[in-house]
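K.L.:
Could you work out the structure for the sequence below:
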Amino acid sequence: MIQDLAGWSKVLELMPTAMFVRDAEHRWVFVNRIGCEYFGITPGDVLGKKDSELFPPEQAERFAKGDDVVLRGHEVVETEESVYDLVGRSRTLLTRKTCIELDGEPHVLASVTDITELRESEAHVRWLACHDALTGLSNRTALFSRLDAAVARAAEGTAQAALYYLDLDGFKKVNDTFGHLVGDELLVQFGQRLRHAVGGNDVVARIGGDEFAVLAEDSGDLDMDGLAEKMLTLAAIPFDVLSARAFVGTSVGVVPLGRDAVASGEMARKADSALYEAKKRRNRYVIYTDALDASLAHRREVEVALEEALQSGEGLSCHYQPMVRASDGKVIGLEALARWRHPKLGVVTPVQFVAVAEETGLIGRLGEWVLRTACSRMAAVDDLFIAVNVSAVQLRDDRFADTVMKVLADTRLPPRRLELEITETAIVNADGAAVRLLKRLRKAGVRISLDDFGTGYSSLTLLKDLDVDKVKIDRSFVQMAPLAEDSAAIVRAVSNLGSALGLCVVAEGVETEAQRQFLRDAGCDELQGYLFSAAVPEDRIERVSGLVPTLVAAHSVG
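P.N.:
Next up is the predicted model:
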């Protein structure tokens, strides 16, 4: 057994951890090399000195009490504590102390392990468990924890609150235009704006890619509508991000938490229902009502039924509306329009089922079904072209062009007889990949028509940047053209522009002879509307077109 300091010193210098020895008077009598490196000291800084000369009073007193416990009990004592070292840095130390005899006197032998980084890492993991790493806001876990408590208080009648769900409108375009670094910084800035807009005890959380939530506690002055309006305003303020200026909006769903509040999951579902309703028109807020649940239940029923119809083909059909040459009224083409009759739901309007298809990812299958059905039917009719509408969601699919070309090959319809109608709004919101996709199809011979022309924001730019064959004047201008000078001026301007650019100009929604006469005089090339014919089933195509089917049988739609 080593009994003197010199013997202990040789052993302790070999230890891979910080070691020190203090006597019964709390004076330092030894510190090894590792200990000096840990704490940034030299032996001369501490040897012969008491803790009271080296550390703040409270810390020195705590050290002394710990030493006294070891000296009295002769037991091993392990402690973890945060301390300030001799150069003022905060450290978390794990210390094991025991009593040894040196030259017949009791001393405290201590080993010290610096676990600062370990504890900081653990703290960071705990922080990440309830915070969003990008924005620093609360995450879904933390939100639901607070929401549970808020629901309980509301049910007891001790407090009320409101839960807001937000989704940024136009955020994808920011990412596509400026890149994800700008998008990420925009999310950070928007989170900060929300944080500053609510109280210190309110929860602001990021719960998805561009989805946020706010749990606002009611301390007697909560203006539920006012806060929602404020959120819309905050999103509308331009974001100056990394030398770029970005614009977005937001949709907000709100659910109040009152005495009838139930589980947090149910409150979140209601907020999400209100958000879904708000996003139908965007840049607005909707407060939850029970009627929203009935609407969502019906939407879900439509979704399930539509998926079944796409699998079986039952109930789905295409109707065809003629398009006539303005100069002589001859039918030169048809527009394919999807129709659906369900045995339980009855006739489901395109407005309903197309919207559901876009929101649920079924639009690709529905769009291909319409395209294949229409092309197959028209392969049996000479001279007419077929126009098929394309959703903005379809344009975001890199495989869309390949799908179109395969359908044309399968049905043996010449590309020049296919016309794809894309709304102006869809093109405005499309990225470069979608534009390149359309140019590829046009190069292959497929014609591109710009639908609802005049209702968007960048018409002239679109005509310059995107090669198109036709523009269709929106029906809202057509129907008012003979009566309202502003609508008439728009129709004439588009017709003149189309003529100057070598484009075919189509007017849709023609219902009266007066409209027909005005549009023909204004220079429109093609007309479409109830004046000529409503959309008809496929077995009436020849009747409304005045043509007869060719001897070549139509190909299977399969």
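K.L.:
What residues sit buried inside the helix or strand harbouring residue 123?
P.N.:
Following DSSP states H and E, one finds residue 123 within helix 116-130. Across helix 116-130, burial judged by 16 or more other CB atoms under 10 Å covers no residue at all. For glycine as for every other residue, the C-beta is placed from the backbone atoms N, C-alpha and C.
K.L.:
Show me what that helix is packed against.
P.N.:
Where contact means 3 or more CB pairs under 8 Å, 6 or more residues apart in numbering; DSSP states H and E, helix 116-130 is packed against strand 90-102, helix 140-156.
K.L.:
what's in contact with the first one?
P.N.:
Translated: strand 90-102. 3-5, 8, 21, 23, 29, 66-67, 70-71, 73-85, 106-116, 118-120 (CB atoms under 8 Å, 6 or more residues apart in numbering).
K.L.:
ok, now with 7 Å
P.N.:
Applying CB atoms under 7 Å, 6 or more residues apart in numbering, the external contacts of strand 90-102 come out as 3-5, 8, 66, 70-71, 74, 76-85, 106-116, 119.
K.L.:
Kindly report the same for the last one.
P.N.:
Taking contacts as CB under 7 Å, 6+ apart, the residues outside helix 140-156 that touch it are 129-131, 159-161, 163, 203, 205, 207, 213, 215, 217, 257-259, 261-264, 267.
K.L.:
after the worst-scoring helix or strand of the chain on mean pLDDT comes which helix or strand?
P.N.:
Lowest by mean pLDDT, DSSP states H and E among the helices and strands of the chain is helix 459-465, with a mean of 58. Next helix or strand after helix 459-465 toward the C-terminus (DSSP H and E): strand 470-473.
K.L.:
After that next one, heading C-terminal, what element do we hit next?
P.N.:
Counting by DSSP H and E, the next helix or strand C-terminal to strand 470-473 is helix 475-480.
K.L.:
following that next one, which helix or strand comes up?
P.N.:
helix 485-501.
K.L.:
Give me the mean pLDDT for that following helix.
P.N.:
Mean pLDDT, computed over helix 485-501, is 84.
K.L.:
which parts of that helix are buried?
P.N.:
Buried-residue list, helix 485-501, by 16+ other CB under 10 Å: 487-488, 490-492, 494-495, 497-498.
K.L.:
In terms of secondary structure, what does it contact?
P.N.:
Helices and strands touching helix 485-501, by 3 or more CB pairs under 7 Å, 6 or more residues apart in numbering; DSSP states H and E, are strand 470-473, helix 475-480, strand 504-508, helix 513-522.
K.L.:
hmm, try it at 8 Å
P.N.:
helix 459-465, strand 470-473, helix 475-480, strand 504-508, helix 513-522.
K.L.:
tell me the angle it makes with helix 513-522.
P.N.:
40 degrees (axes from the mean of the first three to the mean of the last three CA atoms, to 10 degrees).
K.L.:
got the angle for helix 485-501 vs strand 504-508?
P.N.:
150 degrees.
K.L.:
Contacts for helix 485-501 next, please.
P.N.:
So helix 485-501 is in contact with 453-454, 460, 463, 471, 473, 476-478, 480-482, 503-505, 507, 518-519, 522-525, going by CB under 8 Å, 6+ apart.
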